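S.K.: next input, structure requested:
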Amino acid sequence: AMHTPGPKHVVRGQYGPGYIEGKPVPGYREEEGVAPGSMTDTYVAAKLFVDNWRWADTPFYVRTGKRLPRRETTIGIQFKRAPHPPFEESATEELRPNLLLVHVQPDEGVSLAIGAKVPGQGMKIRTVHMDFMYGGAFRTELPEAYERLLLDAMLGDQTLFTRSDEVEEQWALVDAIVAAWKRDQPAFPNYAAGTWGPAAADDLVHRDGRNWLRP
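M.R.: Take a look at the predicted model:
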């Protein structure tokens, strides 16, 4: 049900020289074994839509890349503001939307940011956070994603494995994007190592009045 995004809804990138944790790192084309004029992508951001009644007109923003400031996988769900606020307009006009964050790795957990009334007289709403992290709650170190996956494979447990028809649909979407990219030569590199990607990726969400979630 996910249709192929148009050129304006996809951004690709390749990292150049930069700094990570204060240390200089080379650009992709300076890496060992990489051709000096390589056009290999190391970053992608996209705006996607799912064509069904549940998710109609709901944008999904995704991005992934190499040599970003940190390694993290997070799913953010931003809730729409109620059309008729239950509080005074002056109390909620600067209130941010409620936000649910699912932290997949490296620190598994869930965070919820909601609006709460500040104690006392008057009506003032402030964003507060509720956090749950597996490692902190259970005082144990969780296995890496691939450790769990390999163990499940040896045990014959397919719970976390993707079905073949889903994989085929994913590749059909990716292949269509790659085919469109081949008709256009990008100006690489277009983002520095240690940053969150090309400026065009920020423009992708800024056009909709939104911002990327910062880990």
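S.K.: who does the longest helix along the chain touch, helix- and strand-wise?
M.R.: Using DSSP state H, we find that the single longest helix of the chain is helix 164-181. Other helices and strands packing on helix 164-181, by 3 or more CB pairs under 8 Å, 6 or more residues apart in numbering; DSSP states H and E, are strand 10-13. (Each C-beta comes from the backbone N, C-alpha and C, glycine too.)
S.K.: tell me the contacts of Ala201?
M.R.: For Ala201, the contact set (CB atoms under 8 Å, 6 or more residues apart in numbering) comprises 11, 13, 43, 45, 63, 212.
S.K.: A strand includes the fourth one, no?
M.R.: Spelled out, that is Ala45. Yes: counting by DSSP: H, G, I helix; E, B strand; the rest coil, one finds Ala45 located in a strand.
S.K.: pLDDT at it, what is it?
M.R.: On pLDDT, Ala45 comes in at 96.
S.K.: residue contacts, it?
M.R.: Listed by CB under 8 Å, 6+ apart, the contact set of Ala45 reads 10-11, 13, 61-63, 197-198, 201, 204.
S.K.: what subset of those is buried?
M.R.: 10-11, 13, 61, 63, 197-198, 201, 204 (16 or more other CB atoms under 10 Å).
S.K.: looking at those residues, which two lie furthest apart in space?
M.R.: Spatial extent of the buried ones among the contacts of Ala45 (CB to CB) is set by the pair Gly13 and Tyr61 at 15.3 Å.
S.K.: ok, the contacts of Ala45 vs Val104, which is closest?
M.R.: Among those, and counting by CB to CB, the member closest to Val104 is Val62, at 13.0 Å.
S.K.: and the closest one, which of the three is it?
M.R.: strand.
S.K.: can you count the residues close to the nearest residue to it once chain neighbours are set aside?
M.R.: The shortest distance from Val62 to any residue other than its chain neighbours is 5.4 Å, reached at Ala46 (CB to CB, 6 or more residues apart in numbering). Counted by other CB atoms under 10 Å, the residues lying close to Ala46 total 18.
S.K.: ok, now the one 10 residues further on?
M.R.: Burial measure for Ala56: 9 neighbouring residues, criterion other CB under 10 Å.
S.K.: one more: Ala192?
M.R.: When neighbours are counted by other CB under 10 Å, Ala192 registers 17.
S.K.: swap in Glu144?
M.R.: The number of residues packed near Glu144 is 11, by other CB under 10 Å.
S.K.: can you check Asn211 too?
M.R.: For Asn211, the count of nearby residues is 10 (other CB under 10 Å).
S.K.: now Gly33
M.R.: By other CB under 10 Å, 5 other residues sit near Gly33.
S.K.: enumerate every residue touching it.
M.R.: With contact set as CB under 8 Å, 6+ apart, Gly33 has no partners.
S.K.: for Gly65, see how far away it is.
M.R.: From Gly33 across to Gly65, the span is 19 Å (CB to CB, to the nearest Å).
S.K.: swap in Ala201?
M.R.: In terms of CB to CB, Ala201 sits 9 Å off from Gly65.
S.K.: what is in contact with these two at once?
M.R.: Listed as contacting both Ala201 and Gly65 by CB under 8 Å, 6+ apart are 13, 43.
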